[in-house]
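# predicted model, plus sequence, below.
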Amino acid sequence: MKTIEYFYSAHSGYAYIGSKMFIDIAKNAGRKIDHRPMDLRAVITAGPGSHNRRTPQHQAYFSKHQIPRWAEYRGVEILARPTHHDNEIALSNGVLIAGLLQGLNIDALADRFLEGHWRDDADLANTDDLTSLAKDVDIDAAPLLAAARSPEVVAIHDKNTAEAIARSVFGSPTYFVDGDMFYGQDHLELVARACERPFKGEWPKT
């Protein structure tokens, strides 16, 4: 089965806004989502893009205008800013990776983490919150939490992050369709089109 590579963090607002639509796009295209949870903060710091040079005006525009506008457009409820947004992000990403290693389909779990954080104000660094969110999609979080900080999971998280940087990823979510990169949930319509037929340009494949 063909895949769509999905580089994101479990705390990403834009990944949340596009999450359900993305899952539907992959399903309708007959493609499997290749989840690549990454350290978004490290990716942003490493990248040369405008995300590293945002002025307070830029920050206000994205947080106070773009996020609520896109949430309204996509029809999702969203908080202005989750209370615990600055907490660590490695644990929730690690739980998702542990789920992959244990053979689970984590589409619904990843979506619920994003939704729980941005709609329900869940703390993704809190094991009780993660357990509750996993239970919502009929997944037992205990074995995933037990493995989330294991050397194997940490190595995969680090590898995903390094690969994202090497492939010029500069934010979350970023999707690759047959090697063609699409940044941001605002390009999901293009992702859907690329699943049907590639774009004609000689785009770099990374």
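Received the coordinates, thanks.
# residues touching stretch 119-139, excluding its own?
For stretch 119-139, contacts defined as Cβ atoms under 8 Å, 6 or more residues apart in numbering pick out 10-11, 16, 76-79, 82-84, 87-89, 91-92, 95, 99, 104, 108-109, 111-113, 116-117, 140-142, 144-145. C-beta here means a position set from N, CA and C on the backbone, and glycine is covered the same way.
# now it: mean pLDDT?
For stretch 119-139, mean pLDDT rounds to 98.
# please spell out which residues along that stretch are buried.
The neighbour-count check on stretch 119-139 (16 or more other Cβ atoms under 10 Å) flags 122-125, 129-131, 133-134, 139 as buried.
# try stretch 150-167
153, 156-157, 160-161, 164-165, 167.
# what does it rub up against?
By Cβ under 8 Å, 6+ apart, stretch 150-167 touches 7, 36-39, 42-43, 46-47, 90, 93-94, 97-98, 101, 147, 174, 176, 181, 206.
# please narrow those residues to those residing in strands.
7, 36-37, 174, 176, 181 (DSSP state E).
# mind listing what's buried in stretch 88-95?
Buried, per 16+ other Cβ under 10 Å, within stretch 88-95: 89-95.
# need the next SSE after the helix-or-strand element of the chain with minimal mean pLDDT, C-terminal direction.
Of all helical and strand segments in the chain, the minimum by mean pLDDT, DSSP states H and E falls on helix 56-61, at a mean of 62. Counting by DSSP states H and E, the next helix or strand C-terminal to helix 56-61 is helix 67-74.
# tell me what that next one is packed against?
Counting contacts by 3 or more Cβ pairs under 8 Å, 6 or more residues apart in numbering; DSSP states H and E, helix 67-74 is packed against helix 13-29.
# so which bits of the helix it packs on are buried?
Of the residues in helix 13-29, those buried (16+ other Cβ under 10 Å) are 13-23, 25-26, 29.
# host element of Leu130?
Using DSSP H and E, the element containing Leu130 is helix 127-136.
# save the buried residues of helix 13-29 as JSON lines, and put in distance to Glu72 and pLDDT too.
Formatted as JSON lines, the buried residues of helix 13-29 follow (distance: Cβ to Cβ, whole Å; pLDDT from 0 to 100):
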{"residue": "Gly13", "distance to Glu72": "13", "pLDDT": "96"}
{"residue": "Tyr14", "distance to Glu72": "14", "pLDDT": "97"}
{"residue": "Ala15", "distance to Glu72": "17", "pLDDT": "98"}
{"residue": "Tyr16", "distance to Glu72": "14", "pLDDT": "98"}
{"residue": "Ile17", "distance to Glu72": "10", "pLDDT": "98"}
{"residue": "Gly18", "distance to Glu72": "14", "pLDDT": "98"}
{"residue": "Ser19", "distance to Glu72": "16", "pLDDT": "98"}
{"residue": "Lys20", "distance to Glu72": "15", "pLDDT": "98"}
{"residue": "Met21", "distance to Glu72": "14", "pLDDT": "98"}
{"residue": "Phe22", "distance to Glu72": "18", "pLDDT": "98"}
{"residue": "Ile23", "distance to Glu72": "20", "pLDDT": "98"}
{"residue": "Ile25", "distance to Glu72": "20", "pLDDT": "98"}
{"residue": "Ala26", "distance to Glu72": "24", "pLDDT": "98"}
{"residue": "Ala29", "distance to Glu72": "26", "pLDDT": "98"}
